[in-house]
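Asker: make a model of this:
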Amino acid sequence: MPVIESTEKRVDVDGITRDVLTMGLKMVTRRYDTGFHRHRKAQCVMAVSGVLTCEAEGGIWIVPPQDAVWIPPGIEHRITLAGSVEGYNAFIEPAVARGLPSACCTIAATPLLRELLVRTAQYPTDVPEGGMESRVASLLLEEIAIAEVGGMHLPMPKDERLRAVFRSIVECPADRGTLVAWAMRHAMSERTFARLVVAETGMSFGRWRQQLGVILAIQRMAEGASVQQVAGDLGYESVGSFVTMFRKALGTSPGRYMSGRSS
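Answerer: This is a model prediction of the structure:
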């Protein structure tokens with residue numbers, strides 16, 4: 001299919017009966033929000049550049065460039081895009097999606113998976129099934145099946161006050177406000193705020209904010225920012241303290257994590 005360059009263009013992906021239907025997307029936008037919707041088909045969305053966020057099943061995935069998010073068939077979700085966005089979106093018939101992940105997750109987009117998404121996006125929708133194009137699509141499905149599942153899932157609260165906290169941290173990750181400070185901003189006691197965070201996310205506020213910080217750090221490094229830049233952007237007083245936090249969260253240093261993703 002041709003690359004879509006406008007959010008005004010709509011394609012009835014569920015109405016096209018192909019095992020795999022891949023579309024390219026390329027645009028510059030301050031923010032585009034699909035709103036909550038669902039597809040009959042499964043969906044694999046890879047970001048080449050720009051910021052891609054997916055919210056579904058009570059969680060949120062901030063997908064760094066060169067990674068992908070997997071959405072099973074029929075799952076209600078919303079995707080937001082920002083920046084100079086280039087990506088590829090594979091829609092997969094439920095019958096051939098069996099054996100692929102049963103829940104939303106991020107997956108590591110290997111160089112082969114990236115090339116397969118780009119290649120299948122070049123095929124017209126009316127190409128006959130069973131030819132070389134179908135074999136390439138089958139290989140794409142196999143790559144998704146063996147892709148490493150990422151841990152960059154952040155439980156997303158339903159309470160609007162906590163969602164406002166999330167938006168504030170994303171917009172200004174250097175804000176290192178304490179639990180007490182955040183509670184005061186939203187007219188709650190420290191105890192009430194702490195209990196609400198645990199009830200809504202299953203995590204303490206410190207753990208939840210740390211997970212969000214790791215996700216934002218990976219996103220920025222994937223866009224080309226240095227470890228030093230990211231440490232400053234996230235409000236750490238030193239690079240060492242940022243690296244220590246990152247290592248505790250993911251078991252490796254930021255540099256090794258990013259080099260492993262690009263291999």
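
Asker: could you check how far Leu212 is from Leu117?
Answerer: Distance of Leu212 to Leu117, computed by C-beta to C-beta, to the nearest Å: 27 Å. All C-beta atoms are positioned from the backbone trio N, CA, C, and that covers glycine.

Asker: more neighbours, those two?
Answerer: The neighbour count for Leu212 versus Leu117, taken as other C-beta atoms under 10 Å, is higher for Leu117 (26 against 20).

Asker: for that one, which residues are in contact?
Answerer: 22, 44, 46, 88, 90, 109, 140 (C-beta atoms under 8 Å, 6 or more residues apart in numbering).

Asker: how about Cys104?
Answerer: 54, 56-57, 59, 61, 69-72, 75, 77, 153.

Asker: and the pLDDT for it?
Answerer: Turning to Cys104, the model gives it a pLDDT of 91.

Asker: and it, how far from Ala90?
Answerer: Distance of Cys104 to Ala90, computed by C-beta to C-beta: 15 Å.

Asker: do the same with Met221
Answerer: 25 Å.

Asker: all helices for the stretch 101-250 of the chain, in order.
Answerer: Ranges of helices within the stretch 101-250 of the chain are 111-120, 132-146, 160-171, 179-185, 190-201, 205-222, 227-233, 239-250, based on DSSP state H, counting those that start in this stretch.

Asker: and the fifth one, average pLDDT?
Answerer: Across helix 190-201, pLDDT averages out at 96.

Asker: now that helix: buried residues?
Answerer: Neighbour counts over helix 190-201 (16 or more other C-beta atoms under 10 Å) mark 193-194, 196-197, 200-201 as buried.

Asker: distance to Leu250 for those residues - can I get that in CSV?
Answerer: CSV is the format used below for the buried residues of helix 190-201 (distance: C-beta to C-beta, whole Å):
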residue, distance to Leu250
Phe193, 27
Ala194, 25
Leu196, 27
Val197, 22
Glu200, 24
Thr201, 19
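
Asker: from these, which is closest to Thr125?
Answerer: Comparing these against Thr125 with C-beta to C-beta places Thr201 closest, at 41.0 Å.

Asker: from memory the closest one sits against Trp208, does it?
Answerer: Yes - with contacts defined as C-beta atoms under 8 Å, Thr201 counts as touching Trp208 at a distance of 5.1 Å.

Asker: who touches both of the two?
Answerer: Pro155.

Asker: lowest-pLDDT helix or strand in the protein?
Answerer: helix 254-262 (a mean of 76; mean pLDDT, DSSP states H and E).

Asker: ok, back up a step: put the buried members of the contacts of Cys104 into a ChimeraX selection.
Answerer: To isolate the buried ones among these in ChimeraX, judged by 16+ other C-beta under 10 Å, type:
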select :54,56,57,61,69,70,71,72,77,153
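
Asker: please consider this matter closed, and thank you.
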